[in-house]
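>>> Give me the fold of what follows.
(2 chains)
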Amino acid sequence: MYEALDHAHGGEGHWAFGTGFDEPLAGVDTTVPDGIDPADLGEYCLVLGDDALVLAQRLTQWITAAPELEEEVAIANVALDLLGQARLLLARAGSVGVLGRSRDRATESIPDEDALAYFRDLDEFRNSGLVEAPNGDFARTMVRLLVAATVRLAVFTRLRGSRDPVLAAIAAKGVNELAYHRDHAARWVLRLGDGTAESHRRAQAAADTVWPLLADVFTATDVERRLTEAGVAVDPADVREEVSSVLTQVLDQATLRVPAWPADTAPRGRVGEHGPELAELLGTLQGLARQHPAATW
Amino acid sequence: MVSAVPLEPATTTDARAIAETVTDPELPMLTLADLGVLRDVRTEDDGTVVVDITPTYSGCPAMGVMRADLLHALHRAGFPRVDVRTVLSPAWSTDWISEEGRRKLAAGGIAPPGRAPVRPAGPVPLQLGPTRRTATCPQCGSPDTEELSEFSATACKALRRCRSCREPFEHVKEI
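As a prediction, this is how the structure comes out:
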């Protein structure tokens, strides 16, 4: 295996799966259909890609710390799926030339997806506040995963019909994965909510902490509004009812009180307004690449 | 590393035959063709061999190795110009694993997947009960098996145990 990788790498002697190796959209027709603004499309791919990238990074913070080995493997696998979705979406953004200021720092040999992940600044990230909030305890992690996966699944289900064929294909693939992410988290919320007095208390506290984060999810940005009209994107407001119905179903069965639904705010994370928690997360995510831009690992 | 040059001019049929021998890095008993990852092999006018592959899971880390293995095998067989391309649509599901692939999995001690869930156009229904997967023990053939963990050594497999022979085994999950 290593020999083959070395060969594909031009015999440079490193088999690393890091920068410069594997382009997830290699060979995919990335032509933008008529009537779609490439800059808007790229921005929207950052919205979807950054949600996945940041949530994946949050989930991997449980590695070596999960309550049981099987759950650690489960969390790692969910994070891996999300990272794969992020790679495809960031590569799609790069394919239409949306790279932010990342190219000021990333050398040419660094592929677009890596430039976007490692060399953008805090205010260029487009993830919602829902995914950047810290993990908290295991209950809060699972409630947040339930909420985030439910929203994303509802959006991806609709995106399968996007006028951008690349986005539609990424979504069709993601639906299968997100369905089991959501159901896995939902089963944990059920066990915790309908478990012991202590697990119930923690699950309720988790829901009470996570629900207010929904304020930064359902308001469309101007880009999302324009692309929804063009048949490319999904207006997040259109999935609110479905999300609410799924979450209520899970919490009811978990004997948890459904917290008050927060009022929508103007978009924050989607326009680059983030808190110190994301800065800290990006410090960990980007540190190595920024100190050693030519490194492969 | 490009060495053996075939005596006869290489053809698409030859290239396809070579590509079909390349195995999956995580499930080495399966070829990429058995797995349904290899979608097409063709030759362009300038002689470039184009190979279409599709990812299993979005984050499958084996994709890079698959690509490299295909390039290596075709180069070694005397095809100097090879282009391995990704195809995203239609999305891979375990239904793409061939009957031959399923037999090889079972012979290798891994229970093959059942039919993948049908995904209608609307919302995906919530599954709050335990997963209702079934699998036959690849060791003793008993259908009386239980799931130990929904996630196993790779994203595509669950860990199960046979209630008859008590042996644990892996099961490629339906997706």
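>>> ok, the residue nearest the centre of chain A - contacts?
Nearest residue to the geometric centre of chain A (C-alpha atoms, centre = their mean): A:A52, 1.1 Å. Neighbour list for A:A52: A:L82, A:L83, A:Q85, A:A86, A:L89, A:R152 [criterion: C-beta atoms under 8 Å, 6 or more residues apart in numbering or on different chains]. Quick note: C-beta positions are derived from backbone N, CA and C, even for glycine.
>>> Am I right that the last one is in contact with A:L178?
Yes - applying C-beta atoms under 8 Å, one finds A:R152 in contact with A:L178, separated by 5.4 Å.
>>> So which bits of the top helix by length along chain B are buried?
For chain B, the helix that runs over the most residues, judged by DSSP state H, is helix B:63-76. Neighbour-count burial for helix B:63-76 flags B:63-76 (criterion: 16 or more other C-beta atoms under 10 Å in any protein chain shown).
>>> Chain A next: which of the residues you listed are close?
Counting by C-beta under 8 Å from any C-beta of the partner chain, B:M63, B:G64, B:V65, B:R67, B:A68, B:D69, B:L71, B:H72, B:H75 from those sit close to chain A.
>>> A:D222: neighbouring residues, count only.
12 (other C-beta atoms under 10 Å in any protein chain shown).
>>> Tell me the residues on the stretch 51-200 of chain A that lie near chain B, please.
Neighbours of chain B within the stretch 51-200 of chain A, by C-beta under 8 Å from any C-beta: A:70, A:73-74, A:76-77, A:80-85, A:87-88, A:153-154, A:157, A:165-166, A:168-170, A:172-177, A:179-180, A:182-184, A:186-187, A:190.
>>> For the spatially most central residue of chain B, give me its contacts.
Geometric centre of chain B, nearest residue: B:L35, 2.7 Å, by C-alpha atoms, centre = their mean. By C-beta under 8 Å, 6+ apart, the contact set of B:L35 is B:D24, B:L27, B:T56, B:W96, B:I97, B:G101.
>>> among those, who's most crowded?
When neighbours are counted by other C-beta under 10 Å, B:T56 leads the contacts of B:L35 with 27 neighbours.
>>> tell me the contacts of it?
B:L35, B:V37, B:A62, B:W92, B:C156.
>>> Most neighbours of all those, which one?
Most surrounded of those: other C-beta under 10 Å gives B:L35, at 27 neighbours.
>>> Per-residue pLDDT of that residue, please?
Among the per-residue scores, B:L35 shows a pLDDT of 97.
>>> same question, the one 4 residues further on
At B:R39, the pLDDT value in this model is 97.
>>> just the helices in chain B please.
With DSSP H, the ranges of helices along chain B come out as B:12-19, B:32-35, B:63-76, B:99-107.
>>> Show me what the longest one is packed up against.
The one in question is helix B:63-76. helix A:2-8, helix B:12-19, strand B:49-53, strand B:82-86 (3 or more C-beta pairs under 8 Å, 6 or more residues apart in numbering or on different chains; DSSP states H and E).
>>> What residues of the third one count as buried?
Residues B:V49, B:V50, B:V51, B:D52, B:I53 are the ones in strand B:49-53 that count as buried (16+ other C-beta under 10 Å).
>>> can you narrow those residues to ones near chain A?
B:D52.
>>> would you list the buried residues of strand B:49-53 in CSV and tack on pLDDT?
CSV is the format used below for those (pLDDT from 0 to 100):
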residue, pLDDT
B:V49, 96
B:V50, 96
B:V51, 97
B:D52, 96
B:I53, 96
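>>> In the stretch 151-297 of chain A, what residue lies closest to chain B?
Nearest residue of the stretch 151-297 of chain A to chain B, counting by C-beta to the nearest C-beta: A:A169, 3.7 Å away.
>>> if I pick B:A158, what's in contact with it?
B:T131, B:R133, B:E147, B:S149, B:E150, B:F151, B:S152, B:E170, B:H171, B:K173.
>>> which of the residues you listed are buried?
Using 16+ other C-beta under 10 Å, the buried members of the contacts of B:A158 are B:R133, B:E147, B:S149, B:E150, B:F151, B:S152, B:E170, B:H171, B:K173.
>>> circling back: turn the contacts of B:T56 into TSV, including distance to B:Q139.
Converted to TSV, these look like this (distance: C-beta to C-beta, whole Å):
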residue	distance to B:Q139
B:L35	23
B:V37	27
B:A62	26
B:W92	28
B:C156	20
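>>> how about low-confidence regions in the chain?
Picked chain A for this. Applying pLDDT under 70 to chain A flags the ranges A:1-22, A:297.
>>> Let me rephrase: I mean chain B.
B:1-10.
>>> how about a cut-off of 50?
Residues of chain B meeting the criterion pLDDT under 50: B:1, B:6-7.
>>> how's it carved up into domains?
B:12-86, B:109-113+B:134-175 (automatic domain parsing).
>>> In a markdown table, list these along with distance to A:I36.
Putting the domains of chain B into a markdown table (distance: least, C-beta to C-beta, whole Å) gives the following:
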| stretch | distance to A:I36 |
| --- | --- |
| domain B:12-86 | 21 |
| domain B:109-113+B:134-175 | 30 |
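>>> Identify the residues contacting A:W62.
By C-beta under 8 Å, 6+ apart, the contact set of A:W62 is A:E72, A:I75, A:N135, A:T141.
>>> at 6 Å what do you get?
Going by C-beta atoms under 6 Å, 6 or more residues apart in numbering or on different chains, A:W62 touches A:I75.
>>> Now do the residue lying closest to B:E167 once chain neighbours are set aside against B:S149, distance only.
In space, and not counting its chain neighbours, B:E167 is closest to B:Q139: 4.8 Å by C-beta to C-beta, 6 or more residues apart in numbering or on different chains. Using C-beta to C-beta, to the nearest Å, one gets 18 Å for the distance from B:Q139 to B:S149.
>>> just A:L88 next, same as before
27 Å.
>>> re earlier: so which of the buried ones among the contacts of B:A158 are also by chain A?
Restricting the buried ones among the contacts of B:A158 to those near chain A by C-beta under 6 Å from any C-beta of the partner chain leaves B:S149, B:F151.
>>> Show me the buried ones among the contacts of B:A158 that map onto strands.
B:E147, B:S149, B:E170, B:H171 (DSSP state E).
>>> so who does the residue of the stretch 51-200 of chain A found nearest chain B touch?
The stretch 51-200 of chain A approaches chain B most closely through A:G84 (2.6 Å), counting by C-beta to the nearest C-beta. Residues counted as contacts of A:G84 (C-beta under 6 Å, 6+ apart) are B:S58, B:G59.
>>> what's the offset of the host helix or strand of it from the middle of its chain?
Element membership of A:G84, judged by DSSP states H and E, is helix A:69-95. Helix A:69-95 has its average C-alpha position 8 Å from the chain's average C-alpha position, going by C-alpha atoms, centre = their mean, to the nearest Å.
>>> Can you name the next helix or strand after that helix?
Counting by DSSP H and E, what follows helix A:69-95 is helix A:112-119.
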